[in-house]
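1. only geometry, no sequence info:
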């Protein structure tokens with residue numbers, strides 16, 4: 001039997017780590033008052049889109065995202081072998097431009113991606129509407145077939161059940177403090193051989209090295225469902241910028257659609273603003289006009305774990321705690337590579353490609369790695 005491992009936080013990162021570690025023979029204890037449902041992963045759209053998210057200067061984020069995307073098929077297959085379907089779709093992503101300025105931005109992105117050898121095809125508005133009927137009056141678009149999506153809630157439920165089935169213990173309490181070999185809750189302190197901090201936006205409250213490195217970024221999303229007589233949701237993830245605000249539409253198998261997301265700093269407030277709902281609805285209707293006749297079935301908000309450079313914090317902190325946090329918009333995308341990195345650290349092996357530039361001490365190290373990531 002291997003070591004005792006504590007995982008603090010049970011969003012997609014914590015659950016992926018717990019499942020993989022328990023499957024590898026570790027005795028795993030997970031601390032979270034609301035596992036699976038309590039954090040940003042439950043609210044997310046489910047895009048696995050490192051290429052469509054890329055931008056010149058964000059090479060560290062792109063490299064890590066692509067490394068994780070390559071691991072996604074095996075990650076999903078391992079869940080299926082255990083009897084759980086996480087809803088991984090192979091439909092790609094399209095990016096739509098609605099005016100001259102948007103089209104210029106797509107041209108820049110297309111040239112950048114082509115220049116670094118990534119697969120993305122610039123098309124006219126007519127060609128884009130042939131690919132995805134039902135779009136609004138688009139000027140041009142970008143086809144990114146390799147960027148796929150997953151049903152985030154099905155994935156979270158699958159990981160929770162799979163981890164439990166492998167023997168992981170879940171403690172329905174929040175951690176109030178932790179060290180490299182202990183976790184304290186209101187019930188007391190428990191000792192472990194290793195501790196992984198994957199508490200998302202709350203990670204900065206639990207470790208002084210992350211206090212200013214990880215900050216909450218609020219995001220509101222909508223869920224809508226097609227009604228009788230309306231067009232079904234698009235088959236692809238559709239991304240666009242409308243009135244200067246990015247928007248995405250991600251379909252689900254049950255004829256519903258996730259529309260997201262706003263992004264702004266509001267501390268730990270998770271209330272949904274009427275303005276956020278209006279802006280998302282207006283943008284979604286511009287992208288896919290039939291949305292106006294859909295049923296609005298949910299509005300909600302979550303807190304992404306933002307970092308200064310959009311790259312997560314992965315690896316040991318000075319007191320031995322393993323950081324696996326700060327994944328910003330890409331927690332779902334980066335779950336496989338993060339879980340594999342944790343297993344590599346525990347075994348004393350080399351971590352996956354791309355994780356070096358995400359090292360947890362990069363903001364304080366004298367050998368600071370310049371992740372070169374632009375804020376958007």
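-> Cool, the structure landed. Values in this document were obtained by computation on a predicted structure and should not be read as measured data.

2. State the next helix or strand along the chain beyond the helix or strand bottoming out on mean pLDDT in the chain.
-> Within the chain, no helix or strand scores below helix 100-115, which has a mean of 87 by mean pLDDT, DSSP states H and E. Heading C-terminal from helix 100-115, the first helix or strand you meet, by DSSP states H and E, is strand 121-124.

3. Now do that next one: distance to the chain's middle.
-> 27 Å (CA atoms, centre = their mean, to the nearest Å).

4. which other helices and strands contact the least confident helix or strand of the chain?
-> With contacts taken as 3 or more CB pairs under 8 Å, 6 or more residues apart in numbering; DSSP states H and E, helix 100-115 sits against strand 93-97, strand 121-124, strand 140-144, strand 237-242. Just so you know, the C-beta spots here come from the backbone N, C-alpha and C atoms, and that holds for glycine as well.

5. quick one: low-confidence parts of the chain?
-> 1, 364-376 (pLDDT under 70).

6. Tell me which stretches of it form helices.
-> Secondary structure of the chain (DSSP state H): helices located at 12-23, 40-43, 59-81, 100-115, 125-131, 152-165, 203-206, 274-287, 331-347.

7. can you list the residues that contact the least confident helix or strand of the chain?
-> 51, 54-56, 95-97, 119-122, 139-142, 240-241 (CB atoms under 8 Å, 6 or more residues apart in numbering).

8. which among those residues end up buried?
-> 51, 54-55, 95-97, 120, 122, 139-142, 240-241 (16 or more other CB atoms under 10 Å).

9. Residue 177 is in contact with residue 188, isn't it?
-> No: checked against CB atoms under 8 Å, the pair residue 177 and residue 188 is beyond contact range at 11.7 Å.

10. and residue 196, bridged to which residues?
-> residue 7, residue 322 (DSSP bridges).

11. can you put the helices and strands packed on helix 100-115 in CSV and add distance to residue 43?
-> Output for these, formatted as CSV (distance: least, CB to CB, whole Å):
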stretch, distance to residue 43
strand 93-97, 19
strand 121-124, 31
strand 140-144, 23
strand 237-242, 16
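
12. Tell me which of those sits nearest to residue 66.
-> Closest of the helices and strands packed on helix 100-115 to residue 66 is strand 140-144, at 12.0 Å (criterion: CB to CB).
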